[in-house]
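Participant: here you go, sequence then predicted model.
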Amino acid sequence: MANTLPPIDSPASQRHRRMRRLKDILAKYMIGIGGLGVIAAVALIFIYLVYVVFPLFLSGSLEVESSYQTPNSTETESLYFAMEEQARIAVRFDNAGNATFFNTQDGSRIETVEAELPLGVEITSFAIADPATRIVAYGLSDGSAVVLRHNYQISYPNDLLTITPFIDYPLGTEPLIIDEEERALSKISVQDDEEQAMIIAITDDGELLLTDIQKEVSFMSDEVEVETETTSITEDLSNVDHMLLDKMMDTLYLAKASGEVHAYDVYDPEEPELIENINLTNQESDIISVEFLTGDISLLVGDNQGNISQWFPVKNEQGKPELTKIREFTLGTAAVTGIVSEHARKGFLAVDENGQLGVFHTTAESTILKQQLMDGVAQHVTISPRANAALIEDDRGNMSFVRLHNEHPEVSMTSLWGEVWYESYEEPSYVWQSSSASNDFEPKFSLVPISFGTIKAAFYAMLFAVPLAIFGAIYTAYFMTPKMRSMVKPTIEIMEALPTVILGFLAGLWLAPMLEQYLPAVIVLLLLLPLSVIAASYIWQRMPSYIQNTVSEGWLAALLIPLILFTGWIAFALNHPMEAWLFGGNTQQWLDRELGVSFDQRNSLVVGVAMGFAVIPTIFSITEDAIFGVPKHLTNGSLALGATPWQTLVRVVILTASPGIFSAVMIGFGRAVGETMIVLMATGNTPVMDFSIFQGMRTLSANIAVEMPESEVDSTHYRVLFLAALVLFMFTFFFNTIAEVVRQRLRKKYSSL
Amino acid sequence: MRKWIDSGSPWVWLTAASVSISIIMVVGLLLLIAARGLGHFWPADVVTFEYQNNNQIVKVAGEIRDTEEVPAQRIIDSGVKLDTNEELISRHLIKTGNRDLYGIDFRWLIDPFILTRATPEELMVIERREWGNFYGFLGQVKVDGQVIAEGAESWDVLQQQIEKTGDTFSVIRGIEHGDIGAINYSLERLRLKQRGLELKGEDTPQALGKLEEERQSLQAEYEGLQSELQTHYRELNRASLVAETFDGKILEIPISKTVQAYRPNSMSVFGKVGFYLGKVWEFVSDEPREANTEGGIFPAIFGTVMMVIIMAILVTPFGVVAAIYLREYAKQGPIIRMVRIAVNNLAGVPSIVYGVFGLGFFVYFLGGNIDALFFPESAPAPTFGTPGLLWASITLALLTVPVVIVATEEGLSRIPKSIREGSLALGATKAETLWRTIIPMTSPAIMTGLILAVARAAGEVAPLMLVGVVKLAPTLPLDGNFPFLHLDRKFMHLGFHIYDVGFQSPNVEAARPLVYATALLLVLVIIALNLAAIAIRNRLREKYKSLEQ
């Protein structure tokens, strides 16, 4: 037996010890790495959320990539510039009818296409349609107009993206006769969609001509046949400086430098109708430039003092649309010479006489950046369809190609948390509406209504849960017999474990219809229950003592169950008679008619009960622990001094345990704020701002669950949803931390007592 | 009176009432789910009514699903001409089935208009694969268009035919899902292999030829199965039955479209019990039919279990290691205290936040990179760059890791210092002490944590909606095709099934009983897990009480 263990200094034993030490060290490092790794993974949640949200709050930037002399700029005058999707090729339209395509990087000319114009006529006016259609029009000196389009063909020879620009004529190469009397067209405006087009022109003697063009595509060839019809307004309009027709071809705006604007309804081109006359400026300033914001609802008006204001029609008291100034941006002090709107977002660029460029966003009400680009007068500005590049030309033909970095202009503190006046809304409001089928939709990212919904849902849940949970916990910890307590506690713990999807489903499919049908009963029950319990208590106290002694106070909760069930039964049995007697047989109709309260089936009451049910166990068990943990010698001391159990409870126990109760409420609140499934299923998920108990709401968490799967990765919407998640995370983390710190302090206090 | 108020007695009674209300709510909720969930499978009597509707007499047959008392005023308000002095009118919700004939399968009947009611023995219910239930009388049974049975004996013939077609049907399913599914899977793998070779520039004619050869052999196998299938399908479509509804419409139903036929009105109690058990078994073992509103929920059970198992495999070692680090290795100080608070708090962070994180970080970031590195051949279709089983499991592991850490730490803190010191004094290293004494003694606490984590994961839905759950998964995440466990597949989940069928289903009324049954199953699983955790915890406490003495 002596040699079962090798001697302590033998090589085998030393090897064995080395091995053991190695294992020990290895274990130490493995556990260290593992432990820190888990903690890091948990921290990663916060870091990643911030990482995704962060770009929302980066301000935009720009860099001038290159500057060069505009091609042909010495011979002709520039009218308009545009870029294709990739921002590699730009086109310049000039007053000689040339379309010059050039490379945006170095200004090298690719091709010049001359428009097919009749001999001996001159170009007297020029217009662009909605930039997305890439259509432009020339008004000619013989009273006719030519409509053309700059177009790009994309091919991949040898896997290399190649863009071939060309010009085509969507309404045919033949000039369209606008004025039979062959007067020169001094102003022109054009819009074109699939079925029809419209050209509106002012002749050099001031007559306004509206030409409606009906297109018919013949099935055999792809050629378009057009049919024109012209109406005129014979008002003297010779001093109109800006003419804008919206792309729906509904409204025509005529603006003068003085600020006077006429708006015409041209929905029926044969009977144009004057909607309003309004002055957009004060006495001192003049209008220099007017453009539509994408969507053609708002007008952007730049004046000679460096201000740009946004206007759109808002219904006045008589229900008539009236151009209203919504907000104003300041570029500098010099005249705003050019404004261009982004193609897909509600942002715009503006340049002024001092060569300054400004980037703005209307919904966010933000000035994203302002930068001095050139010494001379900036005359033309254009933006690429993806809003990532711009071209700016000064009055001497010097062109700057600018790269824009401006991913999320829609988001600012105002657009997230402030009241915003959205297009076509009658007043500033808080709205969450993140997407729509339309392309020039104005996304509404106000977090206010959904945060409000979150608080509202949590509030009603707490209203239901806090009294029940705290009262219940007091009784369980202080009065209940240990035997009953050992049954009640696991029951409540099971209540905590119930999946919220089940509570939500019951709330939506069982509770909501039940509450709708038995609304009077439920309200009566809320009043009747405490009254009946107090009445029972009084009667009990009047009973002879031998009956009182049969049941100890510790079993009261069991005794009360039949009473409560009976009260509930009475309330529900009385429902229909009460409804017939008080509310004319239909409570919802009565509420609507008499009180003007509309009733949603899935409302806050349902959410309050269901979510209250979910948070009761949380609050209950923490409160119960806090009260049960109050040292016995404190209560014994109080009782010994002659206080009743109830006095001891109120003056000693609850006071000592109050930090614990506070932290229980905090944690319960945190849980109610973040709960998703119950709210998702038990409310209508409409983001309304209404505190009524009979209305639904949409919460941050439900909003994420509904919209996250559909949002495009890295889009503004995606990042705003991450922001919502971050808000939830920080909010609950904050409340839980407070609660946890308070609890730890309390524990220390108990142990010192 | 005064004395009574001073004694605080009314307050005590109110606090007691709060407990009673809470208990009533929990028990009531469980009873409600149980009653509705279990009641669904019971073969209810089919009742026939003669019903007066706007001076016409219509014949209605169906199961009474619900009966409620409504104020007469409400019915009059909804435009029904009702001449009554009664305040309350009862009305019945009847499941009339026959959706292919009537368009809807539920209808309300108002009690005063019901003229007669009866429960004819001959009335049968046919569960169909489409259009929901059929209620009516059996007329004939046909095979190949020839009447083989009529009248009284046709019932037995029908049962034989249904059994026969049922067998054929499962053979067809076996071929379509098993064999053909495997072939399709292999073909897809061949395609990816070829694409992979092309990407690497190794698409030599020999390599391609070899792939083509394999493809040919698979194709041949496929065609063989296809012709086999066709004979089965011919067999399947031979028989049909002719039935008459209660209001006299004649309908011919192919037997291939029926699941089973029964006559609840003539069943004995034992017959009903047997039928009931059969339905319960079908519910847990079968696949869903008719947009999840009929049939079973097996894929959802399977998906939930798979996800929970993978999650448990991930969460246990990490949670335990983190707890051991925090309790045994880390230097106890303000930083560790803060970490502990943070870990505690994470249990309170809304689960949807974990879902958002999982979608952004795991699915789009990690998954996207994995796809770019390892699965370039299947691009642009994502493999791991899309929600799936793996990401769902990892997300839930992250969600439940605080539960395991907290439980394990509590277990560690309960082990008396003397045990550690004893072990160290005998010359054991720290690692040996941990491995041989501390962890075994903590194992019940670890178990408790794990069970609680599993219970939480099984019931959690919100994050899963973002990271991998679907309403109907065509294939299970585990099957006979290499590599057998498909972590990239989407899966079904009991909790999500409840949400989806209850709220997104086109026919909520028909689906509702099934949702209750699913809810009952989920509740039972979770209660069982929690009770197990509570029992283990209590035993653990007893054990260490004796140690401390």
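Facilitator: Done, it's in.
Participant: contacting residues around the helix or strand bottoming out on mean pLDDT in chain A?
Facilitator: Least confident helix or strand, chain A: strand A:224-233 with a mean of 74, by mean pLDDT, DSSP states H and E. Residues from elsewhere that reach strand A:224-233 (CB atoms under 8 Å, 6 or more residues apart in numbering or on different chains): A:170-172, A:176-180, A:197, A:207-218, A:264, A:269-272. Yep, even glycine has a C-beta here, placed from its N, CA and C like the rest.
Participant: just stretch A:154-166 next, same as before
Facilitator: Contacts of stretch A:154-166 (CB under 8 Å, 6+ apart): A:84, A:86, A:88-89, A:91, A:101, A:110-111, A:113, A:150-153.
Participant: only the buried subset of these, as a PyMOL command please.
Facilitator: Buried residues among those (16 or more other CB atoms under 10 Å in any protein chain shown), as a PyMOL selection:
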select buried, chain A and resi 84+86+89+91+101+113+150+152
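Participant: could you list the low-pLDDT ranges of the chain?
Facilitator: Using chain A here. Scanning chain A with the threshold set as pLDDT under 70 gives A:1-4, A:218-224, A:234-236, A:437, A:439.
Participant: let's do chain B instead
Facilitator: For chain B (pLDDT under 70), the answer is B:546-549.
Participant: by contact count, what packs against the longest helix along it?
Facilitator: Secondary structure assigned by DSSP state H gives helix B:508-548 as the longest helix of chain B. Using 3 or more CB pairs under 8 Å, 6 or more residues apart in numbering or on different chains; DSSP states H and E as the contact test, the elements touching helix B:508-548 are helix A:482-497, helix A:500-506, helix B:9-39, helix B:269-285, helix B:389-414, helix B:439-459, helix B:494-503.
Participant: hey, which of those is tucked in deepest?
Facilitator: Among those, helix A:500-506 has the highest mean neighbour count (mean count of other CB atoms under 10 Å in any protein chain shown), at a mean of 28.
Participant: taking the centroid of the chain, which residue is nearest it?
Facilitator: With no chain named, the answer covers chain A. Centroid check for chain A by CA atoms, centre = their mean gives A:Phe445 as the closest residue, at 1.9 Å.
Participant: hmm, no, I was thinking of chain B.
Facilitator: Centroid-nearest residue in chain B: B:Leu494, 3.1 Å away (criterion: CA atoms, centre = their mean).
Participant: what's near enough to touch A:Asp24?
Facilitator: For A:Asp24, the contact set (CB under 8 Å, 6+ apart) comprises B:429-432.
Participant: quick one: buried ones out of those?
Facilitator: Applying 16+ other CB under 10 Å to the contacts of A:Asp24, the neighbour count classes B:429-432 as buried.
Participant: tell me which of these fall in strands.
Facilitator: Counting by DSSP state E, the buried ones among the contacts of A:Asp24 place none of their members in strands.
Participant: out of those, who's nearest B:Glu290?
Facilitator: B:Ala431 (58.2 Å; CB to CB).
Participant: how about that closest one, what does it touch?
Facilitator: By CB under 8 Å, 6+ apart, the contact set of B:Ala431 is A:23-24, A:26-28.
Participant: widest-spaced pair of the residues you listed?
Facilitator: Greatest spacing in the contacts of B:Ala431, by CB to CB: A:Lys23 and A:Lys28 (9.6 Å).
Participant: which one of the two has more residues nearby?
Facilitator: Taking neighbours as other CB atoms under 10 Å in any protein chain shown, A:Lys23 and A:Lys28 compare with A:Lys28 leading, 17 against 14.
Participant: CA atoms of stretch A:140-155 as PDB?
Facilitator: Coordinates of each C-alpha in stretch A:140-155 appear next as PDB, following Å, rounded to 0.1, in the frame of the first residue of the first chain:
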ATOM      1  CA  LEU A 140     -40.600  79.300 -79.600                       C
ATOM      2  CA  SER A 141     -41.000  82.600 -81.300                       C
ATOM      3  CA  ASP A 142     -43.700  81.300 -83.700                       C
ATOM      4  CA  GLY A 143     -46.100  80.300 -80.900                       C
ATOM      5  CA  SER A 144     -45.200  76.600 -80.800                       C
ATOM      6  CA  ALA A 145     -43.400  74.500 -78.300                       C
ATOM      7  CA  VAL A 146     -41.100  71.500 -78.400                       C
ATOM      8  CA  VAL A 147     -41.100  68.900 -75.600                       C
ATOM      9  CA  LEU A 148     -38.000  66.800 -75.200                       C
ATOM     10  CA  ARG A 149     -36.400  64.500 -72.600                       C
ATOM     11  CA  HIS A 150     -32.900  63.800 -71.700                       C
ATOM     12  CA  ASN A 151     -32.600  60.000 -71.400                       C
ATOM     13  CA  TYR A 152     -29.900  57.500 -70.400                       C
ATOM     14  CA  GLN A 153     -29.400  53.900 -71.500                       C
ATOM     15  CA  ILE A 154     -27.500  51.700 -69.100                       C
ATOM     16  CA  SER A 155     -25.600  48.700 -70.300                       C
END
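Participant: can you mark which positions in it are buried?
Facilitator: By 16+ other CB under 10 Å, the buried positions in stretch A:140-155 come out as A:140-150, A:152.
Participant: before we move on, the earlier item: mark which of the contacts of strand A:224-233 are buried, thanks.
Facilitator: Applying 16+ other CB under 10 Å to the contacts of strand A:224-233, the neighbour count classes A:170-171, A:176, A:178-179, A:197, A:207-213, A:215, A:264, A:269, A:272 as buried.
Participant: next, the angle from the helix ranked longest in chain A to helix B:389-414.
Facilitator: Longest helix of chain A, by residue count under DSSP H: helix A:11-53. Helix A:11-53 and helix B:389-414 are oriented at 120 degrees to each other (axes from the mean of the first three to the mean of the last three CA atoms, to 10 degrees).
Participant: quick check: the gap between the closest residue to B:Leu478 other than its chain neighbours and chain A.
Facilitator: Distances taken as CB to CB, 6 or more residues apart in numbering or on different chains place B:Leu485 nearest to B:Leu478, at 5.6 Å, with adjacent residues excluded. Relative to chain A, B:Leu485 is positioned 23 Å away (CB to the nearest CB, to the nearest Å).
Participant: do B:Arg327 as well
Facilitator: Going from B:Arg327 to chain A by CB to the nearest CB gives 10 Å.
Participant: can you confirm that residue is in a helix?
Facilitator: Yes: B:Arg327: assigned to a helix according to DSSP: H, G, I helix; E, B strand; the rest coil.
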